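1. need the 3D shape of this:
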Amino acid sequence: MNRPIRSFVLRQGRITPAQERALTALLPKYGIAFPEPIRSAKPLILEIGSGMGETTAEIAKLHPEATFVAVEVHAPGVGSLLNRIEAEKLENLRVVRHDALEVLERMVEDGSLAALHLFFPDPWPKKRHHKRRLVQPAFAALAARKLRPGGVLHAATDWPDYAEQIAAAFQENEYFEKADGGLVARPQTKFETRGRRLGHPIRDLYFRRRPG
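-> Model (predicted):
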């Protein structure tokens with residue numbers, strides 16, 4: 001059997017005692033276990049790759065009218081976000097520690113997402129690694145299934161060629177049209193700050209799910 005190409009590599013990064021404790025004590029409280037279905041009576045917004053969670057938590061705090069689900073695989077980031085949820089009492093934010101494509105396929109009902117956020121995904125800058133980039137035509141097709149009509153895909157990147165790849169994947173999908181903005185504003189992330197410091201152009205891309 002061919003192994004699937006992953007868009008991430010699990011790194012053995014340093015994890016603090018507080019993050020470790022959060023994974024043990026808080027993940028059962030604020031996490032959603034794979035493959036439990038993700039459902040909400042409020043507008044449902046899924047973020048792929050929430051990193052350390054500071055941007056995710058800020059957005060959730062500003063928008064209590066929506067339910068946010070952060071998908072992240074790296075332990076330090078998950079632990080950090082769990083601690084933020086606990087400290088700031090964010091009742092509308094939950095975490096899934098699992099591969100995002102499998103989460104979309106098996107945990108998210110078709111037509112249930114109000115928005116899908118993809119902020120500064122791993123750019124895999126070397127050409128031979130472009131096949132590892134998350135956004136491919138197949139990802140656009142999966143997003144079309146999971147977003148409700150009128151739902152918005154909001155992606156951001158500081159790599160111009162990846163921005164073009166993202167734009168092409170969604171422009172070529174018949175179920176999407178360009179949009180002027182997302183459902184919620186995006187605060188500046190640490191990856192954006194780093195990109196700006198390096199002189200990288202920042203691009204936000206928005207695509208709306210067409211009816212039908």
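2. all strands of this protein, in order?
-> Ranges of strands in the chain, per DSSP state E, are 44-48, 67-71, 93-96, 113-119, 147-157, 176-178, 203-209.
3. so, low pLDDT: which residues of the chain?
-> 1-12, 129, 191 (pLDDT under 70).
4. what separates the most centrally placed residue in the chain from residue 35, distance-wise?
-> Nearest to the geometric centre of the chain sits residue 48, at 1.6 Å (C-alpha atoms, centre = their mean). Distance of residue 48 to residue 35, computed by C-beta to C-beta, to the nearest Å: 16 Å. Where C-beta positions appear, they are placed from N, C-alpha and C, glycine not excepted.
5. then residue 96?
-> From residue 96 to residue 35 the distance is 10 Å (C-beta to C-beta).
6. now do the shared contacts for these two.
-> Common neighbours of residue 96 and residue 35 (criterion: C-beta atoms under 8 Å, 6 or more residues apart in numbering): residue 107.
7. if you count surrounding residues, which of those two has more?
-> residue 96 (26 against 13; other C-beta atoms under 10 Å).
8. tell me who's in contact with the more buried one.
-> Taking C-beta under 8 Å, 6+ apart, one finds 31, 32, 34, 38, 69, 70, 71, 72, 103, 107 in contact with residue 96.
9. what residues sit buried inside the longest helix that the chain contains?
-> Identified as the longest helix of the chain according to DSSP state H is helix 75-88. For helix 75-88, the neighbour count (16 or more other C-beta atoms under 10 Å) marks 75, 76, 77, 78, 79, 80, 81, 82, 83, 84, 85 as buried.
10. can you redo those residues as a markdown table with distance to residue 210?
-> As requested, the buried residues of helix 75-88 are arranged in a markdown table below (distance: C-beta to C-beta, whole Å):
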| residue | distance to residue 210 |
| --- | --- |
| 75 | 38 |
| 76 | 39 |
| 77 | 33 |
| 78 | 34 |
| 79 | 39 |
| 80 | 37 |
| 81 | 33 |
| 82 | 36 |
| 83 | 39 |
| 84 | 35 |
| 85 | 34 |
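11. okay, stretch 90-109 in PDB with CA atoms only?
-> Provided in PDB are the C-alpha atoms of stretch 90-109 (Å, rounded to 0.1, in the frame of the first residue of the first chain):
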ATOM      1  CA  LEU A  90     -13.000  30.400  25.700                       C
ATOM      2  CA  GLU A  91     -16.200  28.400  25.500                       C
ATOM      3  CA  ASN A  92     -16.400  28.600  21.700                       C
ATOM      4  CA  LEU A  93     -13.000  27.200  20.900                       C
ATOM      5  CA  ARG A  94     -12.000  23.500  20.700                       C
ATOM      6  CA  VAL A  95      -9.000  21.600  19.500                       C
ATOM      7  CA  VAL A  96      -8.400  18.500  17.400                       C
ATOM      8  CA  ARG A  97      -4.900  17.000  17.500                       C
ATOM      9  CA  HIS A  98      -4.900  15.000  14.300                       C
ATOM     10  CA  ASP A  99      -4.100  15.200  10.600                       C
ATOM     11  CA  ALA A 100      -6.300  17.900   9.000                       C
ATOM     12  CA  LEU A 101      -7.200  16.000   5.900                       C
ATOM     13  CA  GLU A 102      -8.500  13.100   7.900                       C
ATOM     14  CA  VAL A 103     -10.400  15.500  10.200                       C
ATOM     15  CA  LEU A 104     -12.100  17.100   7.200                       C
ATOM     16  CA  GLU A 105     -12.900  13.700   5.600                       C
ATOM     17  CA  ARG A 106     -14.200  11.900   8.700                       C
ATOM     18  CA  MET A 107     -15.200  14.500  11.400                       C
ATOM     19  CA  VAL A 108     -16.700  17.300   9.400                       C
ATOM     20  CA  GLU A 109     -20.100  16.800   7.800                       C
END
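12. nothing else from me, thank you.
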